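Visitor: fold the stuff below for me.
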Amino acid sequence: MKKLLMIAALAACTPFCISAATPPETVAAQKIELKDMPDWQILQIMEQMDDQTLEIFAETSQRIGALAKPELAMRKQREEFKKYIKGDQLVLTNKGITDIYPRVFDDPSFSQLQEINLSHNQLKTIAVGAFSNFPQLKYIHLNDNQLTTIAVGAFSNLPVLQSIDLDYNQLTTLPANLFSNLPQLKKISLYDNQLTTIAVGAFSNLPVLRLIDLENNQLTTIAVGAFSNLPGLQEINLSHNELKTIAVGVFSNLPGLQKIFIYDNQLTTIAADVFSNLPQLQEISLYDNQLTEETIESLKERFANTNVELDF
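Guide: As a prediction, the model looks like this:
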């Protein structure tokens, strides 16, 4: 009987009126069928329930259980994560974590964090909003996981974020705007993934970004526009990939670019104009490619009277 009364209450009340202390006479007055409520409304109501009430609902029907059990799992994960807060750091390395539940960090306990370390786990995906609304967060470590997918919007409303470490994962592609609107981001590291292409807008609108590390992937092409509106970018590492060519324009409009590492690829030719309009350029590393003598001589001639160091 208690379960039935609570279901009636869930169906009839607004998202903010449910608790374990709801009077039975109030509950009994509500007659709306639970099945007539949309899922989003039920989820809103569940967010207001205490754990005991939510556990009762989770056992009432398959549909309600499918909605309630992830909420309970998220709350359990949240409480577990809280144990590993050390000052302004959350250190969760080597914990066997396979998922980050939506809203797990929506709690005041996490609001002062400056660093989150989730390295050496078993994460495969990062959902929209997984890392959002951290006013002081500077560093995110997701290296040494099994990531294959990161949703656009996974990193949002992070006004002072400086570094994202995604080394040693299994990412094959990066969607456009994945890293956009991160005004203080300085470093993105994607060493040793399985990336094959860099799409237009993959790295854009990051005013102080200094370093992009894409070493040791499987890159065969880079779209013109993959690197755009990056006025502070100083270094790009594309070494140890499978690039056969680089189109003119890939490095355009990067006024602060100083170092380009493209060694150990499969380049046979590369036009000197690929490196045009880079006023701060200091070094181009191209060794361990298959460049023709004609290409090498053309590049040497192009930079003969400059301070650019060429490494063949």
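Visitor: so Glu294 sits in a strand?
Guide: No: looking at Glu294 with DSSP: H, G, I helix; E, B strand; the rest coil, it is helix, so not inside a strand.
Visitor: what about the nearest residue to it once chain neighbours are set aside, neighbour count?
Guide: In this structure, Glu294 finds its nearest non-sequential neighbour in Thr269, 7.8 Å apart by C-beta to C-beta, 6 or more residues apart in numbering. Glycine gets a C-beta too; all of them are placed from N, C-alpha and C. A count of nearby residues for Thr269, using other C-beta atoms under 10 Å, gives 15.
Visitor: what residues are up against Thr269?
Guide: 245, 291-292, 294-295 (C-beta atoms under 8 Å, 6 or more residues apart in numbering).
Visitor: now Lys244
Guide: Per C-beta under 8 Å, 6+ apart, neighbours of Lys244: 220, 265-268.
Visitor: for those, which entry has the maximal number of neighbours?
Guide: Neighbour counts for these (other C-beta under 10 Å) peak at Asn265, which has 23 neighbours.
Visitor: any regions of the stretch 1-150 of the chain where pLDDT drops low?
Guide: Applying pLDDT under 70 to the stretch 1-150 of the chain flags the ranges 1-35, 60.
Visitor: where exactly do the helices run in it?
Guide: 2-12, 24-28, 39-48, 51-58, 62-82 (DSSP state H, counting those that start in this stretch).
Visitor: for Gln280, which of those helices is the nearest?
Guide: Nearest to Gln280 among the helices of the stretch 1-150 of the chain is helix 62-82 (42.3 Å), distances taken as C-beta to C-beta.
Visitor: list the buried residues for that closest one?
Guide: By neighbour count on 16 or more other C-beta atoms under 10 Å, the buried set for helix 62-82 is 64, 67-68, 70-72, 74-75, 78, 81.
Visitor: okay, it in PDB with CA atoms only?
Guide: Coordinates of each C-alpha in helix 62-82 appear next as PDB, following Å, rounded to 0.1, in the frame of the first residue of the first chain:
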ATOM      1  CA  GLN A  62      10.300  -1.700 -15.400                       C
ATOM      2  CA  ARG A  63       9.800   1.800 -16.800                       C
ATOM      3  CA  ILE A  64      10.300   3.600 -13.400                       C
ATOM      4  CA  GLY A  65      13.200   1.300 -12.600                       C
ATOM      5  CA  ALA A  66      14.900   2.200 -15.900                       C
ATOM      6  CA  LEU A  67      14.600   5.900 -14.900                       C
ATOM      7  CA  ALA A  68      15.400   5.600 -11.200                       C
ATOM      8  CA  LYS A  69      18.300   3.200 -11.300                       C
ATOM      9  CA  PRO A  70      20.700   5.400 -13.200                       C
ATOM     10  CA  GLU A  71      19.900   8.300 -10.800                       C
ATOM     11  CA  LEU A  72      20.700   6.000  -7.900                       C
ATOM     12  CA  ALA A  73      23.900   4.900  -9.500                       C
ATOM     13  CA  MET A  74      24.900   8.500 -10.100                       C
ATOM     14  CA  ARG A  75      24.300   9.400  -6.500                       C
ATOM     15  CA  LYS A  76      26.400   6.400  -5.400                       C
ATOM     16  CA  GLN A  77      29.200   7.400  -7.700                       C
ATOM     17  CA  ARG A  78      29.000  11.000  -6.500                       C
ATOM     18  CA  GLU A  79      29.400   9.900  -2.800                       C
ATOM     19  CA  GLU A  80      32.300   7.600  -3.800                       C
ATOM     20  CA  PHE A  81      34.000  10.400  -5.700                       C
ATOM     21  CA  LYS A  82      33.800  12.800  -2.700                       C
END
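Visitor: now do that helix: which elements does it pack against?
Guide: helix 39-48, helix 51-58 (3 or more C-beta pairs under 8 Å, 6 or more residues apart in numbering; DSSP states H and E).
Visitor: which residues touch Pro255?
Guide: 231, 278-280.
Visitor: now do the SS call for it.
Guide: coil.
Visitor: filter the contacts of Pro255 to the buried ones?
Guide: Using 16+ other C-beta under 10 Å, the buried members of these are Leu278.
Visitor: picking up where we left off before, make JSON lines out of the contacts of Lys244 and add secondary structure, pLDDT and distance to Pro38.
Guide: Listed next are the contacts of Lys244 as JSON lines, based on DSSP: H, G, I helix; E, B strand; the rest coil; pLDDT from 0 to 100; distance: C-beta to C-beta, whole Å:
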{"residue": "Thr220", "secondary structure": "coil", "pLDDT": "95", "distance to Pro38": "46"}
{"residue": "Asn265", "secondary structure": "coil", "pLDDT": "98", "distance to Pro38": "53"}
{"residue": "Gln266", "secondary structure": "coil", "pLDDT": "97", "distance to Pro38": "54"}
{"residue": "Leu267", "secondary structure": "coil", "pLDDT": "97", "distance to Pro38": "56"}
{"residue": "Thr268", "secondary structure": "coil", "pLDDT": "95", "distance to Pro38": "59"}
